[in-house]
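> Predicted structure and sequence below. I'll ask about it afterward.
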Amino acid sequence: MQELTDAERIRRLPWLVLASLANNIFCVLTFVGSIFILFLYELGLDKTQIGFLAALIPFSQATAVLVGPWVARVGLKRSFFTFYGLRIGFFGLMLLTPWVLHRRGGQAAFTWVAGVLLAFALVRSINETALWSWSRQMIPDRIRGKFSAINTIISTMGILVAVAGAGYVVGRFSGLNRFLALIGAGLLAGAVSLVFYSFVPGGAPTRNGDEEPALLRPILRTLTDRHFLWFLSGYGLASMAFASLLAFLPLFMKEQVGLSVSHVIWLDVASQLGSILTCYAWGWASDRYGSKPVTLSTLALALLLPFCWFSMPRHHPLGTPLAMAFAALAGAANIGWIVSANRYLFLRAIPLGQTTSYMAVFFAWAGIVGGAGPLLAGRFLDFCAPVRAQWLVFNVDSYSPLFALGLLVLLAAIYAFSHIPRDGSMPTPAFVGMFLHGSPLLALGSLVRHKWPRDEQDRILTTERLGHARTLLSADELIEALNDPSFNVRYEAVIALSRLPSHPRLVEALTGVLAGDQPELSLAAAWALARLGDPSATAPLRQTLRSDYPLLQARSARALGLLGDVEDMPFFLEKLRDPALEASLRVAYAAALGALRAGDALPDILNLLDQSDNRAAREELALAAARVVSTEPHYVRLRRRLLDDLPTAAAQIVLNFKHALPGKQPSRRALRALADQSADAFARGDLAAGLDLLTRLASSATDGSRAELPPNLVRLLDESLQRVGQFRTERFEYVVLLFYATGRVLRHLHDQRG
């Protein structure tokens, strides 16, 4: 039989969605969730009996290792249909339970329910073994995570309606008949599901070469796969934790928290809402970043649940809303790890061509640990029944030890899953970090908008918003925007990428733009690479230093300076000293040397500053000189103060100089007097007199002390003294340098002399 193409499978996926919807309604109204647990409780069974019955169904999955190869030979679809029909018929016998209870008593009813469940569980095991293997043929791997999420959302919406109706029925009526009515509705949904499954393709009998029909050898081979064993351990522990905690949660809410039966069932609604609201995000994240980080993250989220339930107030008006909130959290965490782990199972854990043997082992193991959870939990709860205590404001009861054990099992599951290989490029810490840095909600909203682009202006705005989110969640979309047909969108994407945390993929994408044939974008890419601050961008930026475009050479030089490229300092210095080079390029090399604090470059920077007629260039050169000598932040703050109000700021700064001139020596008193006179002149608006007095102060302070000062600081002070005397306030950058150098000199002398 010819293998189905992805296009053919995608075309038939709506039938699978409808079939899953009806099947999930069948499950939730019959043997899954609060309804069945409350039905067993209504029969008068104790927790050990309830745990035993809840364990029968998953335990039966152990038969998968026996029936898996046979199912593959008979045909996955044929086996599924045969045993799905049988399971509907067997569970229909549950409707006779009240008659057995009335005629034979409680023990006979328990035996009857156990027998029905056992028969149902066995045929369900065969049915589910076929379905799991069949599902690998139904869904294309490239959309498996997103489809599982969408399918779960739609099924959950149907479950919400079913559970809401069930909550009304249970709250409105009394006795066993209300549960029997719900079971009957579930059986009808199961029959409808069977009809929908008939339109799903695939599931033909196995032929030689595709799967391994032999039993023992392929199954034993799975047990030598170390990574698969780690996956089984993590999956089993997580299943056991959730099964044991969630199985008896309805009884905890009813007995200890004091919720009514209808409110307990409504908790399923909250849980399903939590699943709906987060399911697509988990599936999308699994396809995009890999299943492993999503699995570990959602299990870490589940660690909050035992603490939440333990802290529940008892018989309090807040009990219901808190229980609903915690149920939503449980639904979000549970669906997250299931969606991501199942995706990992199909795409990474199971080798191609060995689906039957691996799925048989997985399904059997999942059943064993899934059944052990409620079985052991029920016995454990009966054992802990006498526990009653008060600890601070918290109530300790028989469920508290169960919550503690669940917490430990979840931790063990996280440990096991941490040992499986990654199936994507994103490690777990980086994945979690995306949601802890920047604005993930803004990013997610912009991602949705990115998928539905309109005109160019809208794409530019969306790209800008993706950058402002400052999280790697938007990295793929911004990299995609680099190939937008619009130049303006591509330019915005380069700027937006610079706002994200540095990552090798971003550097690689921007490096491609840097080496491209559009100089405008290359200029922006060089700036963006400098802003990212990743040293790996050094090599490609060095190549563009030899570009045919002078502006790109200048931008690359500035970028390399910011990246700390000390290896290129000799090259920068050579270019700075080349009088034949264009002035704007020499300024760029001076800026790079300033960023690198290259002391040898100061005389050349000051020389170029003196020669420059461009005010913006002079400001950049002055900053480069200040960087070479001392700290940049002090210079920038000083310049801003002087630029805002030169007379007042200058007076205040000079008065601050007096703090560096303590002592009672005549020379110190004279310097303080000069500082007072200079400050007074500046305050009166006499800038010329103030500058004259300041130059006298600076010259006098360094008389006989120049040997104690750094040579470059002395050079900067002398240059600023000379140029201020020449230009006064006409060249503002020299005024700032004078204040800057004088302050640095006085501070240095003060520190030297104590």
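Here it is on my side, so go on.

> State the distance from the residue in the chain sticking out farthest from the centre to residue 750.
In the chain, the residue that sits farthest from the middle, by C-alpha atoms, centre = their mean, is residue 666; the gap is 66.6 Å. Counting by C-beta to C-beta, to the nearest Å, the gap from residue 666 to residue 750 is 18 Å. For the C-beta atoms, the positions are set from N, CA and C on the backbone; glycine is no exception.

> now do residue 559
Here residue 559 is placed at a distance of 38 Å from residue 750 (C-beta to C-beta).

> between these two, which one's more packed in?
Neighbours per residue (other C-beta atoms under 10 Å) separate residue 559 from residue 750, with residue 559 holding more: 27 against 14.

> Identify the residues contacting that one.
526-527, 529-530, 537, 541 (C-beta atoms under 8 Å, 6 or more residues apart in numbering).

> if you go through the stretch 301-450 of the chain in chain order, where are the helices?
Shown for the stretch 301-450 of the chain, the helices assigned by DSSP state H, counting those that start in this stretch span residues 304-310, 319-344, 355-383, 399-417, 428-436, 440-450.

> which one of those helices has the lowest average pLDDT?
In terms of mean pLDDT, the lowest-scoring of those is helix 440-450 (a mean of 75).

> which other helices and strands contact that one?
helix 456-468, helix 475-481 (3 or more C-beta pairs under 8 Å, 6 or more residues apart in numbering; DSSP states H and E).

> Compare these and report which one is nearest to residue 633.
Shortest distance between residue 633 and these, using C-beta to C-beta, is found for helix 456-468: 25.6 Å.

> Report the angle between that closest one and helix 440-450.
Helix 456-468 and helix 440-450 meet at an angle of 150 degrees, taking axes from the mean of the first three to the mean of the last three C-alpha atoms, to 10 degrees as the criterion.

> contacts for helix 456-468?
439, 442-443, 445-447, 449-450, 453, 474, 477-478, 481, 484, 486, 488-489, 492-493, 495-500.

> mind redoing it with 6 Å?
446, 449-450, 453, 474, 477-478, 481, 486, 488-489, 492-493, 496, 499 (C-beta atoms under 6 Å, 6 or more residues apart in numbering).

> Emit the PyMOL select command for whichever of those residues are buried.
Applying 16 or more other C-beta atoms under 10 Å to the contacts of helix 456-468 leaves a buried subset, and the PyMOL line that selects it is:
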select buried, resi 446+449+450+474+477+478+481+486+489+492+493+496+499
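
> for the contacts of helix 456-468, which one is nearest residue 95?
Looking across the contacts of helix 456-468 and measuring by C-beta to C-beta, the closest to residue 95 is residue 449, at 51.3 Å.

> Grab the nearest non-local neighbour of the closest one.
Counting by C-beta to C-beta, 6 or more residues apart in numbering, residue 449 lies nearest to residue 462, which is 5.0 Å off, once chain neighbours are set aside.

> Counting neighbours, what do you get for that neighbour?
Residues within reach of residue 462, counting by other C-beta under 10 Å, total 25.

> what's the answer for residue 323, then?
Neighbour count of residue 323, defined by other C-beta under 10 Å: 24.

> dump the residue contacts of it.
Neighbouring residues of residue 323 by C-beta under 6 Å, 6+ apart: 253, 267.

> For it, give its distance to residue 271.
Applying C-beta to C-beta to residue 323 and residue 271 gives a distance of 10 Å.

> so where's the stretch 651-754 of the chain uncertain?
Where the stretch 651-754 of the chain drops to pLDDT under 70, the residues are 662-664, 753-754.

> Start from the N-terminal end of it and give the strands.
Applying DSSP state E, counting those that start in this stretch to the stretch 651-754 of the chain gives no strands.

> mind listing the helices in it by residue range?
Using DSSP H, counting those that start in this stretch, the helices of the stretch 651-754 of the chain run over residues 666-683, 687-702, 711-727, 732-753.

> Could I get the buried residue list for the third one?
Okay, so that is helix 711-727. Within helix 711-727, the residues that count as buried by 16+ other C-beta under 10 Å are 712-721, 723-724.

> same question, the first one
Neighbour-count burial for helix 666-683, counted by 16+ other C-beta under 10 Å, picks out 671-672, 674-675, 677-683.

> cool, the shortest one as well?
Along helix 687-702, the positions that meet the burial threshold by neighbour count (16+ other C-beta under 10 Å) are 687, 690-698, 701-702.
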